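S.K.: Build me a model from this:
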Amino acid sequence: MEYPNVGLNDLPNEILLIILKNLNNFDKHYSLHGVNQRLTQLIQDSIFTNHLCFIKKSSDKFIDRLSDKMIHDRFCLQILPSIHDKIECLALESSSMKSVLHASHYANLHCLALHNVDEESFRSLLA
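M.R.: Residues are numbered from 1 along each chain as shown. Just a heads-up that it's a prediction; the model follows:
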């Protein structure tokens with residue numbers, strides 16, 4: 001018996017939303033933003049954009065997900081400017097906090113979690 005080929009775009013929005021809810025917001029934006037209009041529109045829903053965590057916890061420290069220049073540039077130049085008005089909470093690591101915060105104006109930002117930030121970095125952020 002042959003089974004029909006079903007692609008991601010063949011699935012109804014309801015099924016896609018179930019799948020998307022099981023993915024990390026960071027990963028879904030990096031992987032699906034700009035793939036096509038439908039997927040971009042789905043991931044730009046406020047349930048996927050209101051909280052973005054740019055750090056990952058390893059066994060003994062926080063790791064910056066934006067340490068790779070290509071990932072960093074894609075987020076700061078393309079993704080964040082397209083969803084900035086929906087972001088309510090950001091979790092950042094010290095090495096990327098300045099560039100992420102300067103990537104756009106976050107009018108609805110209510111929560112900012114900073115990790116591995118020394119006093120000097122924090123002062124320069126406030127200046």
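S.K.: Which residues does the helix-or-strand element of the chain with minimal mean pLDDT contact?
M.R.: When the helices and strands of the chain are scored by mean pLDDT, DSSP states H and E, strand 62-64 comes last with a mean of 74. Strand 62-64 has contacts (CB atoms under 8 Å, 6 or more residues apart in numbering) with 54, 55, 56, 57, 93, 95, 96, 115, 116. C-beta coordinates here come from the backbone N, C-alpha and C atoms, glycine included.
S.K.: Weed out the non-buried ones from those.
M.R.: For those, a burial check counting by 16 or more other CB atoms under 10 Å picks out 54, 55, 93, 96, 115.
S.K.: Among the residues you listed, which are located in strands?
M.R.: In this view, the buried ones among the contacts of strand 62-64 that belong to strands under DSSP state E are 55, 93, 115.
S.K.: Residues in a beta bridge with the second one, which ones?
M.R.: Counting by DSSP bridges, residue 93 forms beta bridges with residue 115.
S.K.: The first one now?
M.R.: With DSSP bridges as the criterion, residue 55 is bridged to residue 64.
S.K.: can I assume it is in contact with residue 65?
M.R.: Yes. With contacts counted by CB atoms under 8 Å, residue 55 reaches residue 65, the gap being 6.4 Å.
S.K.: all helices for the protein, in order.
M.R.: Remark: helices assigned in the chain by DSSP state H are 13-21, 25-32, 37-43, 46-49, 69-74, 80-83, 94-102, 119-126.
S.K.: Residue 61 is nearest to which of these?
M.R.: Nearest to residue 61 among the helices of the chain is helix 94-102 (11.8 Å), distances taken as CB to CB.
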